[in-house]
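*Asks:* Turn this into a model:
(2 chains)
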Amino acid sequence: MNHDDPTLRITRLFTDRRLLAIPMLLMIAIFLYGFVRIGFESFTPKGEFTLDLYTEFLSEPVYVRVLVRTVWVAVVTTCLCLLLGYPVAMLLARSRHRDLLLILLISPWLVSVVVRTFGWMILLGNRGAINLALKDLGLIETPIKMMFNATGVIIGLVHVLVPLMVICVLSVLIQAEKQLEEAATSLGASPVQTFARVIWPLSLPGVYLGASLTLLTSTGAIVTPLLLGGLRDGMLGTQIYQEIFSMFNFPRAAALAIILLVISFLLVLPLLAHESRMRRKRGL
Amino acid sequence: MARGNNLERPLGNAFWLLGAVVLALLPAPLLVVIWVSFSGDNYLIVPPSQYSLRWYAEFFSSAKWLQSLGISVALALVVAIATTAISLFAALAVEKVKPRARAAFEFLVLLPLIFPHAAMAIALRAANTDLKINATFIGLVIAHIILSVPFCYRPIAVNLRKLDPALREAAMSLGGGPAYTLRKVVLPLLRPGIVTSLWFSFIISFDEVNMTVFLVGTQFATLPVNIYAHLADSADPLIAAISTFLIFVTIALVVVLQRTVGLQVFVDMENRVSEKVKPKVKPR
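*Replies:* As a prediction, this is how the structure comes out:
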């Protein structure tokens, strides 16, 4: 090694350095290869190119219902997450005890999804804690069905995803200058005006990002709909699970995965594109 | 004061109240799990008719459950170290490349974030099958690395970008070689980014269940996967005891992060590293 020649040293360092990206690129390559592989599998289940798996899927009413239900559950979940998460984000953005309250937000968020779903099973079942309490209070006679249907799945998914939405909105709200809000108020804007004209538009990049991630995660969810929704009224994720573990039909699972991918991209790409445009415009 | 306050104050109050209620309800399903875990009944009923610690005794004396706990911990440790090393290498690799090339590279790194889990599980299952590592420990490690990389690369890369170049120049001009400078100057300054990365990848791997159910064999079932398999069959207080154990592990991890790096990493990962460990930032 020649330590005396600075140009040589720098070139050596430079060429050496970029090679360090190889492990990362290898991981990404495995990931992308998997998608190419299942795309290939879904178009050539018997060795020749065919669209059979897709036409079969789209002409079967049961599957179309699964598709519609997936989109519907994901959209409702996302709207509820925004509705419930936004006030929390505002609360945290202004709180002086933010670090403490963040523990309250983040700890439940990071507990395994399966544990949180279990908690909802105990709460929502026909003999669960909520039905029992309502019965004891004399409010109901027959239990309300909150599990093994879309209601249960949506409740479970909202609980799983609200913290993510809060984090996305909060990170933007913190950036937004607090002075702007004070300025708006001192110039005579009412709280509602301040919210509608200043806070909400400033928070939009976070809202878009949060909504995108919520949509993606809920369309692709597996364990929560399996446990709270049951196998009957499935979503795409549970359908894929069944194709693999009950039907052992890998090509069809692959086709479903591609359909899921396309659907979720159609849902979020406009949001993500808008989000990055807004960020760029603001130089964030 | 501003106009319309009389009308708007109740609206505003309802808004804050909603935020506070949501925040307070987030831990509810977990509290229910903890409550049920102290049941002395043979079956899961609410409210428990008697209380005991028998289910904890059963958990800690069950070879099957302890083995899956061991697998989960080993997996999470390997994933944390591997993901952090890969992310650190990648961040060092692209530090000096042209901004456009770096942006393209970072887009690839963040890519797994926008793929729905059910689709990703099928793709990784296909890739692992072709690599002959399906249902093996190494197959799980690779899947979890791909899942964690988008969360771990950023804190390290941002940390690296914020380092004062003068520190490195000083070390180099005082005769430290590139390797020496990296070890004695750069790595210690990257500590917060590295700690954050280790922590994120550990917890992501330790908790993951949606994709893992597709990728484990019978030999390497992780703790969350075993909980899921058990729940799909029947729910009993034993699962509540194991879940409670997981809840406390997660809370402990959150407290550790709060003490070491601070929870602010969640909300301003993109723009600042952390208040507690501010390296000298040069405005650009």
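
*Asks:* Next, find the distance separating residue A:87 from chain B.
*Replies:* Distance of residue A:87 to chain B, given as Cβ to the nearest Cβ, to the nearest Å: 3 Å. C-beta: built from backbone N, CA, C; applies to glycine.

*Asks:* following the host helix or strand of that residue, which helix or strand shows up next?
*Replies:* Using DSSP states H and E, the element containing residue A:87 is helix A:61-94. Remark: after helix A:61-94, the chain's next helix or strand is helix A:98-110, criterion DSSP H and E.

*Asks:* residues making contact with that following helix?
*Replies:* Residues from elsewhere that reach helix A:98-110 (Cβ atoms under 8 Å, 6 or more residues apart in numbering or on different chains): A:88, A:91-92, A:95, A:116, A:163-164, A:166-167, B:23-24, B:26-27, B:29-30, B:203, B:207, B:250-251, B:253-255, B:258, B:262-264, B:266-267.

*Asks:* With stretch B:178-190 instead?
*Replies:* Under the contact criterion Cβ under 8 Å, 6+ apart, stretch B:178-190 has outside partners A:9, A:13, B:88, B:92, B:156, B:159-160, B:163, B:167-168, B:171-172, B:176, B:194, B:279.

*Asks:* just the residues you listed now: which is nearest residue A:183?
*Replies:* The closest of the contacts of stretch B:178-190 to residue A:183 turns out to be residue B:279 (Cβ to Cβ; 32.5 Å).

*Asks:* Tell me the pLDDT of residue 141.
*Replies:* You didn't pick a chain, so chain A it is. Note on residue A:141: pLDDT of 82.

*Asks:* nope, chain B
*Replies:* In this model, residue B:141 is scored at 95, pLDDT.

*Asks:* Give me the distance between it and residue A:111.
*Replies:* From residue B:141 across to residue A:111, the span is 22 Å (Cβ to Cβ, to the nearest Å).

*Asks:* neighbour-wise, which of these two wins?
*Replies:* residue A:111 (26 against 19; other Cβ atoms under 10 Å in any protein chain shown).

*Asks:* Hmm, the more buried one is touching residue B:31, no?
*Replies:* No. In this structure, residue A:111 is not within contact of residue B:31 by Cβ atoms under 8 Å, at 11.6 Å.

*Asks:* Tell me how many other residues surround residue A:68.
*Replies:* Quick note: residue A:68 (other Cβ under 10 Å) scores 10 neighbours.

*Asks:* Check residue A:188 too.
*Replies:* With other Cβ under 10 Å as criterion, residue A:188 counts 10.

*Asks:* go on, residue B:105?
*Replies:* Count around residue B:105 with other Cβ under 10 Å applied: 21.

*Asks:* Next one: residue A:112 from chain B, what distance?
*Replies:* For residue A:112, the distance to chain B (Cβ to the nearest Cβ) stands at 4 Å.

*Asks:* ok, the helix or strand containing residue A:255 near chain B or not?
*Replies:* Assigned by DSSP H and E, residue A:255 belongs to helix A:250-282. Yes. Using Cβ under 8 Å from any Cβ of the partner chain, helix A:250-282 reaches chain B at A:250, A:253, A:254, A:256, A:257, A:258, A:260, A:261, A:264, A:265, A:268, A:272.

*Asks:* Show me how to select, in PyMOL, the buried members of the contacts of stretch B:178-190.
*Replies:* The PyMOL command for the buried members of the contacts of stretch B:178-190 (criterion: 16 or more other Cβ atoms under 10 Å in any protein chain shown) is given here:
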select buried, (chain A and resi 9) or (chain B and resi 88+92+156+159+160+163+168+171+172+176+194+279)
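
*Asks:* which among the contacts of stretch B:178-190 gets closest to residue B:243?
*Replies:* Nearest to residue B:243 out of the contacts of stretch B:178-190 is residue B:194 (Cβ to Cβ; 30.6 Å).

*Asks:* and residue B:108, how many residues sit next to it?
*Replies:* Residue B:108 has 18 nearby residues by other Cβ under 10 Å.

*Asks:* Poorly predicted segments of the chain, please.
*Replies:* In the absence of a named chain, chain A is used. A:1-4, A:9-16, A:177-182, A:282-284 (pLDDT under 70).

*Asks:* other chain: chain B
*Replies:* B:1-11, B:268-284.

*Asks:* which SSE is residue B:157 in?
*Replies:* Secondary structure from DSSP H and E places residue B:157 in helix B:137-161.

*Asks:* Residue in the stretch 101-250 of chain B with the shortest distance to chain A?
*Replies:* residue B:116 (2.5 Å; Cβ to the nearest Cβ).

*Asks:* Report the contact partners of that residue.
*Replies:* Contact analysis of residue B:116 by Cβ under 8 Å, 6+ apart lists A:216, A:217, A:219, A:220, A:237, A:260, A:261, A:264.

*Asks:* Residue B:45 too?
*Replies:* Residue B:45 touches A:127, B:39, counting by Cβ under 8 Å, 6+ apart.

*Asks:* backbone phi and psi for it, please?
*Replies:* Main-chain torsions, residue B:45, degrees, to the nearest 10: phi -130, psi 150.

*Asks:* how close does it get to residue B:38?
*Replies:* Where residue B:38 is concerned, residue B:45 sits at a distance of 13 Å (Cβ to Cβ).

*Asks:* same thing with residue B:195?
*Replies:* Computed as Cβ to Cβ, the residue B:195 to residue B:38 distance reads 35 Å.

*Asks:* start to end distance for stretch B:211-220?
*Replies:* End-to-end distance of stretch B:211-220 (Cα to Cα, to the nearest Å): 14 Å.

*Asks:* Can it be said to contact chain A?
*Replies:* Yes. Under the criterion of Cβ under 8 Å from any Cβ, chain A is reached by stretch B:211-220 at B:211, B:213, B:214.

*Asks:* coming back round to it: farthest pair within the residues of helix A:250-282 next to chain B?
*Replies:* Pairwise distances across these peak at 30.3 Å for A:250 and A:272 (criterion: Cβ to Cβ).

*Asks:* Next, count neighbours for the residue lying closest to residue A:95 once chain neighbours are set aside.
*Replies:* In this structure, residue A:95 finds its nearest non-sequential neighbour in residue A:101, 5.6 Å apart by Cβ to Cβ, 6 or more residues apart in numbering or on different chains. If you count neighbours by other Cβ under 10 Å, residue A:101 ends up with 17.

*Asks:* now the helices for the stretch 1-150 of chain B?
*Replies:* In the stretch 1-150 of chain B, the helices defined using DSSP state H, counting those that start in this stretch lie at B:5-25, B:28-37, B:54-60, B:63-94, B:99-110, B:117-130, B:137-161.

*Asks:* Need those helices in CSV (columns: distance to residue A:208).
*Replies:* Shown next, in CSV, are the helices of the stretch 1-150 of chain B (distance: least, Cβ to Cβ, whole Å):
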stretch, distance to residue A:208
helix B:5-25, 21
helix B:28-37, 28
helix B:54-60, 43
helix B:63-94, 26
helix B:99-110, 16
helix B:117-130, 21
helix B:137-161, 18
